[in-house]
Each structure stands twice: as C-alpha cells, then as structure tokens.
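Participant: Just the structure for this:
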Amino acid sequence: MRRPIFLLLVVLLFCSHDLFLKMEDYFLPPNHEASMSLFNGTFEKSENIITRDRMLDASYIISGKRVTIDPEQWVDQDSTITQLPFKTGASGTYVVGVSTKPRNIELTAEKFNNYLEHDGVLDMLEQRAKDSVLDQDAVESYEKHVKAIYQVGNLKTKDWSTPMGYPIEFVPQANPYEKYSGDQLEVQLLLAGEPISNQLVYANHTHSGHDHDHDHGDHDHDHKDGNRSHGHSHEDDGHNHSHENDGEETHTHTGGQQLRTNSQGMVVVDLSEDGV
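Facilitator: Reported below is the predicted structural model:
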C-alpha cells in the first residue's frame, strides 16, 4: 500500500515571511471538531499572527458552494499563530483559502538585494543588476494568498479544481488525493485569473507530521493524514516585517525543486518521496 503525498508549493514574490494554512490532519471524519492554523514565517515555525483587518478573504468551497469564514472564529495563540477551530461538515474534498491586503515597506538597496537573494527572488535580483539599480533603495509591495485542500469522509468532490479568484493562486490539474510517491502533479499558476508564464516556483516537502498508510477506497478516517496542496503568494502580516536576521536562526525558501511555469502557467512537480 502506498502512502499519499503531502505537497507544498510556493511562488516567491516580495516578502520576508511565508504564509501557510496548516493542519494536524488532512483526512477528517464528517461533523468532527478540528483546527486549522495560519503559520506566518516558515512551515515549521510561525513568527507573527495575521490580524483580521489584514484579511481580504477567508473562505472555503465544498460541493460548489463558497462559504465565508466568520472573522470572529479566528483565535490568536501566543501572539505568533492565528488558529481557526471549526467543525467539519459533510463528506467531500474541501479547498480553503486566505487572502490578505497589500502593504508597502521601504528598504535600503543593501537590505532589498540581500532579501531577494535570501528568499530566492532571483529574477528580480537579476533584473536589478541588468538595469544597474543594485545601489538604489526600493519600496517593496507584499501580500499573501494561500490555499489548502483537505478531505472529509470518503466522498471525493471536484472542489480542489475551483479557483478562488485571488490575485495569484495555484490550481492543481488533478485531485492531489489520488497522487502517491513516485507520481507527478501538474499545477497551474494564475495571475489575475490568467496563466502566468516563466514564473519561478519552488516545490518542497518536510518529513514532519504524521505518516500513515491509507486505502483510498474505504479507509478509516480515525487515523491520520492525507494530501495537501498549498498555493502561495507571499507577504508579511504587517507587524514585524523585517529583512534582518537579528541574531536569530535564519531560514531560506529556496530548497526543493526549482521550476518554471510554461506558456500555460503549468509546472509539473515530482512527488519523489513520502512527506509533508
């Protein structure tokens, strides 16, 4: 029996921290108490909360119906993690998303160049060098648009393929819950609803979380985990948007597979091994 793949996809725009919709379980039984977290930092560590006034949209789609998440449902934990306690509904494949407002931040040339290199925004760094503006300060515009997919019960619905209409987003071209180690997953990147070509994309995974075998026929949802596909464009939460290390352990966003979208905005991700 093969294990299902957890997939993390990232498109790097202008940001310091990444945003992730993260769950302990991505296979859940119907009518079950669960929790979802917004990690603002890395997939392993959240550094800031996302305040509700920063959210342009927080909603989920199931059976073709889009439902807005009440801002009052979110709870801040330890000033670092924004959590959403919720109760699952009927069986189906859910897609959930959060979109935040844009903000600007002024950066010196050195800080901006270091940030572009550190976060792997290589096209912009190359363009600045080509334009001979590496010595010029910059105003960074940043925002985040994130999605996650989770399975409730056994019924597979096609909501995973429904775009949420965010300024930029990933849309898988096959049901991620039908992919396993050794498979490939094609994903389309949309900018303002249209395919964006020649965009640098990073696909990565981590071995954290639970690894459990699943029979994708009538498997038991009392055990853990499944497949998730995260689509990201990034920004910070506006609290501590800093490009300095300040003596703390630094993290980069350039590991894993480096991919380029084709003329139709597509990338093909190799699901080479088990993991998140």
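
Participant: any idea how far the helix or strand where residue 105 lies is from the chain center?
Facilitator: Assigning secondary structure by DSSP states H and E places residue 105 in strand 103-107. Its chain's C-alpha centre and that of strand 103-107 lie 22 Å apart, by Cα atoms, centre = their mean, to the nearest Å.

Participant: same check, this time on stretch 31-38
Facilitator: In this view, stretch 31-38 has its centroid 17 Å away from the chain centroid, taken as Cα atoms, centre = their mean.

Participant: Give the buried residues for it.
Facilitator: Across stretch 31-38, burial judged by 16 or more other Cβ atoms under 10 Å covers 34, 36-38. (C-beta placed from N, C-alpha, C; glycine too.)

Participant: what packs against the strand holding residue 105?
Facilitator: Packing contacts for strand 103-107, counted by 3 or more Cβ pairs under 8 Å, 6 or more residues apart in numbering; DSSP states H and E, involve strand 138-142.

Participant: tilt between the strand it packs on and strand 103-107?
Facilitator: If you take axes from the mean of the first three to the mean of the last three Cα atoms, to 10 degrees, strand 138-142 sits at 150 degrees to strand 103-107.

Participant: And the helix or strand hosting residue 83, what does it pack against?
Facilitator: Assigned by DSSP H and E, residue 83 falls within strand 81-87. If you count contacts as 3+ Cβ pairs under 8 Å, 6+ apart, strand 81-87 packs onto strand 33-41, strand 75-77.

Participant: Quick one: distance of the shortest one to the chain centre.
Facilitator: It refers to strand 75-77. 20 Å.

Participant: What of the first one?
Facilitator: For strand 33-41, the distance from its own C-alpha centre to the chain's C-alpha centre is 12 Å (Cα atoms, centre = their mean).

Participant: Give me the contact list for that strand.
Facilitator: With contacts defined as Cβ atoms under 8 Å, 6 or more residues apart in numbering, strand 33-41 is touched by 17-25, 28, 45-50, 77, 80-88, 96, 98, 146, 148, 236-237, 251.
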